[in-house]
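J.: just coords:
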């Protein structure tokens, strides 16, 4: 999310909903980070984008809708709050200023496969800008070199590249990296220089 | 559909298209039910929401588009009719008042798995409001207790709960109910009190 | 794309992005064909719809965005250009008039399975209007007759029909053609009269 959000203009409102603890004690929050707005569960889903922001503020939502289901606050609570922000109303709620919602213990980058797309490309949680120009990535018993784009490499050759959201991604030109390298979500990578 | 539609405001227009008999003798219809509009095939797709409505009316569409494909009335016929309703035109067609399109023989609730979502949760055709607070559901050789939400149960434990659309749904906290209980669409459930 | 685009009104802007050579030498282009606009890579993706148009023009895009990723010109380059066309600005760029982007060697129709949909129906690259009324299609060791619609054939029987976009498509009434006939993308068909 932190990788994608920076492509959107200031004033954008994001409705964020990865919420396995829905209905438990976690608060519902509004975050403002560098002029963009986020509404979602206060379960640290927004930690990384808060950390990367130059300025960020946070509010705990105290409004309750008339009708709320036990398991879908994305629709019943976050969406109406996001709608009000989108039409220009100011955030309402209790400012959260003590940092109790933050996770300083989390790493800045995640050195593993975090997503495999429809084409078999394997996205990592590593920002390419944090890696040296000649960094190699070791994964699943292979060592991969950096390429600028797919067409830099012959058909069938595996490599890593900076994807369109700034993350290091593993791919095979005209092939499926997930099958050819046996990659799954959660596999660890090692950075080699 | 009946479970989802009630979350939308009066005046909403629904374009409905589950239509294996497209091109055969079934009529195309407009239904008004409690102020919401539905356009689709007259194949009883709308039966349950008509039955649950306090007031409902039905028209057989007699308009034909200039160009109509044999197999996609959703695009060629229902969509333009829905578009006209959405911009405020009154329904046109022959009122269907004899109930010949209705299915009084169908049950009010369907005691089986009707849908399995992306996360492996198994939705039933039973409205939770029709079940007692301590009702248990027997399925696939297991007897499941009711929970209010996912976080009520320890990780890995199967339960049923009222999902966000009011239907009984079978889930496993942080697990896949479909795989862990071997559930597939069409499996029957038994209600135990 | 050529089959779908003709259902849209003149003035529609299509953002087209099948672009394995992104970042290589292929140009970015704007095509106008019978009053519809297309923005995408100049890799012959638009060849068939240009060929079927009565009037078509082409421009090579020379604008560059401030920030452009190496691998996602759909977002960074084509989308803003399409946005400007959609709000009524004239196309800008160098007119391509020498036909160097065209592929006269390509066939008008493709006699193979080009797509398998969610229901297992197998779409071909053959326009049904190019086939005689009693044409049969031979595929995967079977010879299939033409039907007008699904309900023309008994449950479980395989046939071909003109789909809603005008292409010949192979289907099984209330069944999956891909599994029952063992069809995959790229399988060749033979037209028999």
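T.: Okay, I see it. Bear in mind that the values here come from a model prediction, so they are computed numbers and not experimental data. Numbering: from 1, shown residues only, chains lettered A, B, ... in the order given.

J.: Please make it C-alpha for all contacts and neighbour counts, starting now.
T.: Noted.

J.: what about chain A, any weak spots by pLDDT?
T.: In the predicted model, chain A carries pLDDT under 70 at residues A:23.

J.: Go again with 90.
T.: A:6-7, A:19-26, A:66-72, A:97-101, A:133, A:148-156, A:173-174, A:193 (pLDDT under 90).

J.: all strands of it, in order?
T.: For chain A, applying DSSP state E gives strands covering A:13-15, A:28-33, A:36-41, A:56-60, A:94-95, A:110-116, A:122-127, A:136-139, A:142-144, A:158-162, A:167-172, A:190-192.

J.: Strand partners (parallel or antiparallel) of the second one?
T.: In this case it means strand A:28-33. Strand A:28-33 pairs in its sheet with strand A:36-41 (antiparallel), strand A:56-60 (antiparallel), by DSSP bridges.

J.: among these, which is the most enclosed?
T.: strand A:36-41 (a mean of 24; mean count of other C-alpha atoms under 10 Å in any protein chain shown).

J.: Need the contact partners of it.
T.: A:9-19, A:22, A:26-32, A:74, A:78, A:81-82, A:85 (C-alpha atoms under 8 Å, 6 or more residues apart in numbering or on different chains).

J.: From residue A:2, how far out is residue A:103?
T.: According to C-alpha to C-alpha, to the nearest Å, residue A:103 stands 15 Å off from residue A:2.

J.: one step back: among the strands of chain A, which is nearest residue C:176?
T.: strand A:110-116 (27.4 Å; C-alpha to C-alpha).

J.: now check the closest one, is it near chain B?
T.: No: if you take C-alpha under 8 Å from any C-alpha of the partner chain as the test, strand A:110-116 misses chain B, and the best it gets is 15.5 Å.

J.: Please point out which parts of that strand sit buried.
T.: A:111, A:112, A:113, A:114, A:115, A:116 (16 or more other C-alpha atoms under 10 Å in any protein chain shown).

J.: check whether the longest helix anywhere in chain A contacts chain B.
T.: The helix that spans the most residues within chain A, counting by DSSP state H, is helix A:79-86. No: judged by C-alpha under 8 Å from any C-alpha, helix A:79-86 stays clear of chain B, getting no closer than 13.3 Å.

J.: what's that helix in contact with?
T.: A:12, A:13, A:14, A:15, A:37, A:38, A:39, A:91.

J.: Just give me the closest of these to residue B:48.
T.: For the contacts of helix A:79-86, with residue B:48 as the reference and C-alpha to C-alpha as the criterion, the closest is residue A:15, at 32.2 Å.

J.: Excluding sequence neighbours, find me the nearest residue to that closest one.
T.: residue A:39 (5.1 Å; C-alpha to C-alpha, 6 or more residues apart in numbering or on different chains).

J.: if we look at the sheet, which residues does that neighbour bridge to?
T.: residue A:15, residue A:30.

J.: Contact distance from chain B - what residues of chain A qualify?
T.: Counting by C-alpha under 8 Å from any C-alpha, the residues of chain A that sit close to chain B are A:20, A:21, A:22, A:23, A:24, A:69, A:70, A:71, A:72.

J.: Those, buried ones only, as a PyMOL selection?
T.: Here is the PyMOL selection string for the buried members of those, based on 16+ other C-alpha under 10 Å:
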select buried, chain A and resi 21+22+23+69+70+71+72
